[in-house]
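**Q** give the three-dimensional model of this entry:
(2 chains)
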There are 2 protein chains.
Amino acid sequence: MRYETMSSLAQQLRVDAVRAADAAGSGHPTSSMSAAEIGAVLLARHLRYDFDRPDHPGNDHFVLSKGHASPLLYAMYRAAGVVGNDELLTFRRRGSLLEGHPTPRLPWVDVATGSLGQGLPVGVGMALAGKYLDRVPYQVWVLCGDSEMAEGSVWEAVEHAAYCRLDNLTLIVDVNRLGQRGPTRHQHDLGAYAARLEAFGWHTVQIDGHDVEAVDAALREARATVRRPTAVLAATRKGRGVAAVENREGMHGKPLPDATAAVAELGGYSDLRVQVTDPPAAMPPRLVRGGAPPLPRYDKGDEVATRDAYGRALAALGDVRGDVVGLDGEVGDSTRTEYFAKAHPDRYFESWIAEQQLVGAAVGLQARGYVPYASTFAAFLTRAYDFVRMAAVSRAGINLVGSHAGVSIGQDGPSQMGLEDLAMMRAVHGSTVLYPCDANQTAKLVAAMADLDGVRYLRTTRGKTLVVYGPEEEFPVGGSKVLRSHGEDDRATVVAAGVTVPEALRAADRLAEAGIPVRVIDLYSVKPVDRATLDQAAGTTGCVLTVEDHRPEGGLGDAVAEAYADGHGNTPRLARLAVRSMPASATPEEQLHEAGIDADAIVSAVELLVERVLVR
Amino acid sequence: MRYETMSSLAQQLRVDAVRAADAAGSGHPTSSMSAAEIGAVLLARHLRYDFDRPDHPGNDHFVLSKGHASPLLYAMYRAAGVVGNDELLTFRRRGSLLEGHPTPRLPWVDVATGSLGQGLPVGVGMALAGKYLDRVPYQVWVLCGDSEMAEGSVWEAVEHAAYCRLDNLTLIVDVNRLGQRGPTRHQHDLGAYAARLEAFGWHTVQIDGHDVEAVDAALREARATVRRPTAVLAATRKGRGVAAVENREGMHGKPLPDATAAVAELGGYSDLRVQVTDPPAAMPPRLVRGGAPPLPRYDKGDEVATRDAYGRALAALGDVRGDVVGLDGEVGDSTRTEYFAKAHPDRYFESWIAEQQLVGAAVGLQARGYVPYASTFAAFLTRAYDFVRMAAVSRAGINLVGSHAGVSIGQDGPSQMGLEDLAMMRAVHGSTVLYPCDANQTAKLVAAMADLDGVRYLRTTRGKTLVVYGPEEEFPVGGSKVLRSHGEDDRATVVAAGVTVPEALRAADRLAEAGIPVRVIDLYSVKPVDRATLDQAAGTTGCVLTVEDHRPEGGLGDAVAEAYADGHGNTPRLARLAVRSMPASATPEEQLHEAGIDADAIVSAVELLVERVLVR
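**A** Modelled structure (predicted):
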């Protein structure tokens, strides 16, 4: 396509953005218009993509990090012939695939965007896959807005991309000078962005983003640059092409005041089509995807930390599955992901202390078909909550592993204790939340996670815990284990998970001796939850006590309460033991005692509960 | 103090760090030892601090961002004469104020650290206060580790500090080359850090961090530098001074193998004391702290967005309270914090799209006695969850306001919808979670928040909602409002908040017409929750339906379930309506309907519930 035609194509993209937003009555046409030449030139000359085969292993990846500029993306799809004019005008309507911000409901969208600053970290994950795993020469193009360069996650990615020499990654910054509520910090000072990026080791190119020849040359230079990622810094004008809105404040995120006049000013409707370049023939690596791995086995009665069992199981899983990759936030010796790193160094990605990049890379890797396990302390996964939330919108399949959960870590104190992680992860749509209490259970769950959909979270414990199950025991996701039961004689049910399971068992033994038989359920699958077993226990015992090394909100107590909140089934009397104070330093045993989640507390609570039920 | 004595003091700090960790049997002596000269010189020559008056308005602030180096801090306190030798050896023991990571249980610690990458953003908040509000020439010293420079939050702060010309802020990076599990990315390449920081506009000084003269000169240069923040990049050796651990891998986070020998190698126990320089006399600004502000008043029956009511109430609150400050993540026109920004530009801090810095600055500002209100979309507060969690450990009083909550935002789609925020905020220790349904209620709650302790969260709605309360109505935190009741005739209770309140009212009217009287509770105080009213409703109606524009986990449904999970009181049959699918674009009304949280859904659910209770 000649430059002149590319300029016409850019105008068409603008016209389509204006029309789409006008039809919707909302949306971001001006943020789309600034990047029209970038979109046109990328589509016409640089993107290698087979729209009929979104899963073609040689396809480039285009991530629209500035997801609010979705009208530009959909206009590009119309130019590529995969979205028709009628569909374009369904933008933002109920049922339309053309959502306000792009999601993978569209087959050509790898990951959802719309929370700014996420495109580059995710693109880093895709580029890591291309360079170090697939070894296929696809290019990852990430289009960012200038406002989102303020997000720390962008700089985690900038550092990581340069360090990993990701020359298959190109960042294009649409420097349109205007953020949502006014000028950006650096306005049109491209040099400010260039200095920062170059200091981190990037190659940069500064251009007029409305000059199609300059855009073309810059993207060519980007793909040709080796050993360094390239950033194309494009000075543009928001709302470019329509005088009423161009480069004006107060024109963010709304349809143009007079769409008909704007379309005319832009040259009117057109129907240029782009024959997008096919990707080169490419084969993804032939990955071993063997069956169940020979997992490490632990003897009942031994004491093993579940974090240790996680690391060993992951290494074993890696032996039989070539699609499993490991990532960690520079604490692999604590999370025990180091076992995987040592066994499979070619599939391990050190992510340093940058949890947003850690999870972003996992999302990027899964978009290339890998099964990532990303780990850090449970407490520090809070740093990446927006990425986890967006992973769900992306329908991404990722495994997150949070170690050092709860007060049971002991002396390190509250800053290191994951006490909100169950609440955080349960609230994620479609998530699975697992909290094993022993080593054999952990091993089985680590293997089971690999094949689930959505965000999978495993919570592990720092200290050693008793192996209560044999290595042959199975732990279906959504199940639970009844560890103590006296059948119809049970007068209360204690639901525990992780470190509180041994406490519950000790309490049950003491209560049984005192003539109060209780049922103990190990609710290792916190989400989904085993409603049937809980319902049966409620029916028999009438009262249910949950005990968790977590805040009282959103965790195990809520999981159990929700199981009883479906409007039918039994309605037990519920009570919660959980961490209600702010811990300080103390030994693990002291912590459990002070928090009121140890065997003593369970015994007292059950005695009170049973008494109340009796006198009721 | 002479340089020679400062070197001796540094050795004393090392000895104390070794002794403290040895007594505890855990801790981070090697990470403390690398920064011993920095600590010694800072304490002896540069810190202006009255240990008897931690609230002295002229005091410098020292933030130990690398909080795991707490033994260094506690050793400095011993040298300053405020911690005795016996107390030092209680390090990490139950009951000791000398926790594994510093917390404000110690009067000289402003904010808790231990989640890396938070010290600088919080320090920026303190420096903003000093430069723009207090106008007192105190210096903010932040000591970071080199590993934590990978955290994006650090770069949000680096950008913000330079942009705001915070020459009262000094970052000292203890470049000891070794992270937790091995060498850092840049090891001893000080130039790598300098280039990055200078690109952002910082002044930098590179020194040998074990040369007390060089440290002294650098800190002097830092305080003297104007119009730019200064970073002192200090090359150091982890475990410095003890050959068995110095600059060696595998020595992170554990006591020294032979503490007695190490103490001898370091020159033995000593008891040097530092007379820390007093701060200059200083007056904090005399802030108006007037009574209740004349809040905006809204007429019943009008339609007003609660986000709008928030912005107007905050502006009014600012009129009578000089300690109230506003911050926003570059979406003030959406959150409506712009009303405050326009009314009180001198107390408004634009925080750009950098949510970690946004919350970090709020924590820093509250440490100086201000009452910050920090706002962005509820969805994007997930970006700052680790900062919110740590704010609770800091016992910080901050107000967070999340707008655009829930599916009710409509067309923008799931990336912009806060659907996990109630779960996230409820799980924070000591938090208050408020979710108003109308403008008058919002105004009252905005004013009430200012005087609470801990993390306060207000959830606002994008669209206009009916004003259901008069302007005289009061809304105590921890209360609720019974909006419909037929006394003992009520056959079910519907608990709603925010956008679901009008839906519940519509449903109640329809159900009443159909002969099913129901009670409607507006649970605007989601945490703490009004147990008494809920208990009474359970006693009367036997079944309770919660309906929320949020995921089913951790939100309103959990708040109500937890109220019934205290082991006594009534035990109703519970059911939850919440957002169980992944929304796409649609109108607000369509969204509520599709999610099953509108009046139709409530009517159906109540009919089913009542039927089940009757046939039970």
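
**Q** the residue of the stretch 351-500 of chain A found nearest chain B - nearest residue in space that isn't next to it in sequence?
**A** Closest to chain B within the stretch 351-500 of chain A is A:Ser415: 2.8 Å, counting by Cβ to the nearest Cβ. Backbone N, C-alpha and C define where each C-beta goes, glycine included. Nearest residue to A:Ser415 in three dimensions, chain neighbours excluded: B:Gly114, at 2.8 Å (Cβ to Cβ, 6 or more residues apart in numbering or on different chains).

**Q** hmm, B:Gly67 and that neighbour touching each other?
**A** Yes - B:Gly114 lies in contact with B:Gly67 (Cβ atoms under 8 Å); the separation is 3.8 Å.

**Q** the more surrounded of those two?
**A** Taking other Cβ atoms under 10 Å in any protein chain shown, B:Gly114 and B:Gly67 do not tie; B:Gly67 has more neighbours (31 against 26).

**Q** burial check on the closest residue to the more buried one other than its chain neighbours, number of neighbours?
**A** Leaving out its chain neighbours, the residue that sits closest to B:Gly67 by Cβ to Cβ, 6+ apart is B:Thr113, at 3.2 Å. Residues lying near B:Thr113 (other Cβ under 10 Å) number 30.

**Q** separation between B:Thr113 and B:Phe349?
**A** Going from B:Thr113 to B:Phe349 by Cβ to Cβ, to the nearest Å gives 22 Å.

**Q** go on, A:Phe380?
**A** From A:Phe380 across to B:Phe349, the span is 26 Å (Cβ to Cβ).

**Q** next: A:Gly209.
**A** 31 Å.

**Q** so between those two, which is more surrounded?
**A** More neighbours surround A:Gly209 than the other of A:Gly209 and B:Phe349, with 28 against 25 (other Cβ under 10 Å).

**Q** could you find the closest non-adjacent residue to that one?
**A** In space, A:Gly209 is closest to A:Ala234, 2.9 Å off (Cβ to Cβ, 6+ apart).

**Q** what does A:Ala354 give?
**A** Spatial nearest neighbour of A:Ala354, excluding adjacent residues (Cβ to Cβ, 6+ apart): A:Glu156 at 3.9 Å.

**Q** for the worst-scoring helix or strand of chain A on mean pLDDT, what is the distance to the chain centroid?
**A** Least confident helix or strand, chain A: helix A:599-615 with a mean of 86, by mean pLDDT, DSSP states H and E. Centre-to-centre, helix A:599-615 and its host chain are 41 Å apart (Cα atoms, centre = their mean, to the nearest Å).

**Q** nearest to chain B: which residue in the stretch 1-150 of chain A?
**A** When scored by Cβ to the nearest Cβ, the stretch 1-150 of chain A has A:Gly114 as its residue closest to chain B, at 2.8 Å.

**Q** SS state for that residue?
**A** coil (DSSP: H, G, I helix; E, B strand; the rest coil).

**Q** contacts only, for it.
**A** A:Gly67, A:His68, A:Gly100, A:His101, A:Pro102, A:Met390, A:Val393, B:Asp412, B:Gly413, B:Pro414, B:Ser415, B:Gln416 (Cβ atoms under 8 Å, 6 or more residues apart in numbering or on different chains).

**Q** so for it, what's the pLDDT?
**A** Per-residue confidence at A:Gly114 stands at 98 (pLDDT).

**Q** just the strands in the stretch 1-150 of chain A please.
**A** Along the stretch 1-150 of chain A, counting by DSSP state E, counting those that start in this stretch, strands occupy A:61-64, A:140-145.

**Q** tell me which of these sits most buried.
**A** Highest mean neighbour count of the strands of the stretch 1-150 of chain A: strand A:140-145, a mean of 28 (counted as mean count of other Cβ atoms under 10 Å in any protein chain shown).

**Q** wait, does that one contact chain B?
**A** No - if you take Cβ under 8 Å from any Cβ of the partner chain as the test, strand A:140-145 misses chain B, and the best it gets is 8.9 Å.

**Q** show me which residues of the helix or strand just after that strand are buried.
**A** Sequence-wise, the next helix or strand downstream of strand A:140-145 (DSSP states H and E) is helix A:152-163. Neighbour-count burial for helix A:152-163, counted by 16 or more other Cβ atoms under 10 Å in any protein chain shown, picks out A:Gly152, A:Ser153, A:Val154, A:Trp155, A:Glu156, A:Ala157, A:Val158, A:Glu159, A:His160, A:Ala161, A:Ala162.

**Q** tell me the helices and strands packed up against helix A:152-163.
**A** helix A:119-128, helix A:355-367, helix B:152-163 (3 or more Cβ pairs under 8 Å, 6 or more residues apart in numbering or on different chains; DSSP states H and E).

**Q** now it - C-alpha only, PDB.
**A** Extracted C-alpha coordinates of helix A:152-163, given in PDB (Å, rounded to 0.1, in the frame of the first residue of the first chain):
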ATOM      1  CA  GLY A 152       4.800   1.900  37.700                       C
ATOM      2  CA  SER A 153       3.900  -1.300  36.000                       C
ATOM      3  CA  VAL A 154       5.100   0.200  32.800                       C
ATOM      4  CA  TRP A 155       8.500   0.800  34.300                       C
ATOM      5  CA  GLU A 156       8.700  -2.700  35.700                       C
ATOM      6  CA  ALA A 157       8.200  -3.900  32.100                       C
ATOM      7  CA  VAL A 158      10.600  -1.400  30.600                       C
ATOM      8  CA  GLU A 159      13.300  -2.600  33.000                       C
ATOM      9  CA  HIS A 160      12.500  -6.300  32.400                       C
ATOM     10  CA  ALA A 161      12.300  -6.000  28.600                       C
ATOM     11  CA  ALA A 162      15.700  -4.400  28.300                       C
ATOM     12  CA  TYR A 163      17.300  -6.800  30.700                       C
END
